[in-house]
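>>> Just a sequence and a predicted model for now, questions to come.
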Amino acid sequence: MTIVTSKAAQERLETIRRQNVKRHTEAAAKTKLREDIRRATANRNAQIQRDNLMEASLRHNGLNQMAFDRLNVLKKVVR
């Protein structure tokens, strides 16, 4: 049987808190990285779609109204 002093208990609590903060920081960094990758991928896909519509607009038959509207939306979205 061991006797737990308040100092030992306090040290354990501090260790647990430090580990929790570290775990939280790592999880937050991973979440931010996922969001950054997702945002970059969506932006790249929008750029590709915009470029394809711009190329199609240069052809002789042009764009239909739906494609033209989508092109205007993409011009605002793409960074």
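Arrived safely. Numbering: from 1, shown residues only.

>>> sec struct for Val61, please.
You called it Val, but residue 61 is Asn. Under DSSP: H, G, I helix; E, B strand; the rest coil, the three-state class of Asn61 is coil.

>>> Tell me how many other residues crowd it.
By the criterion of other CB atoms under 10 Å, Asn61 has 7 neighbours. Any C-beta I mention is one placed from the backbone N, CA and C, and that applies to glycine too.

>>> The spatially most central residue of the chain and Ala27, how far apart?
Closest residue to the average C-alpha location of the chain: Glu35 at 1.1 Å, with CA atoms, centre = their mean. Distance from Glu35 to Ala27, counting by CB to CB, to the nearest Å: 13 Å.

>>> List the buried residues for stretch 68-79?
Neighbour-count burial for stretch 68-79 flags 71, 74 (criterion: 16 or more other CB atoms under 10 Å).

>>> pLDDT averaged over it - what is it?
In this model, stretch 68-79 has an average pLDDT of 85.

>>> What lies in contact with it?
43, 46-47, 49-50, 53-54, 57, 63 (CB atoms under 8 Å, 6 or more residues apart in numbering).
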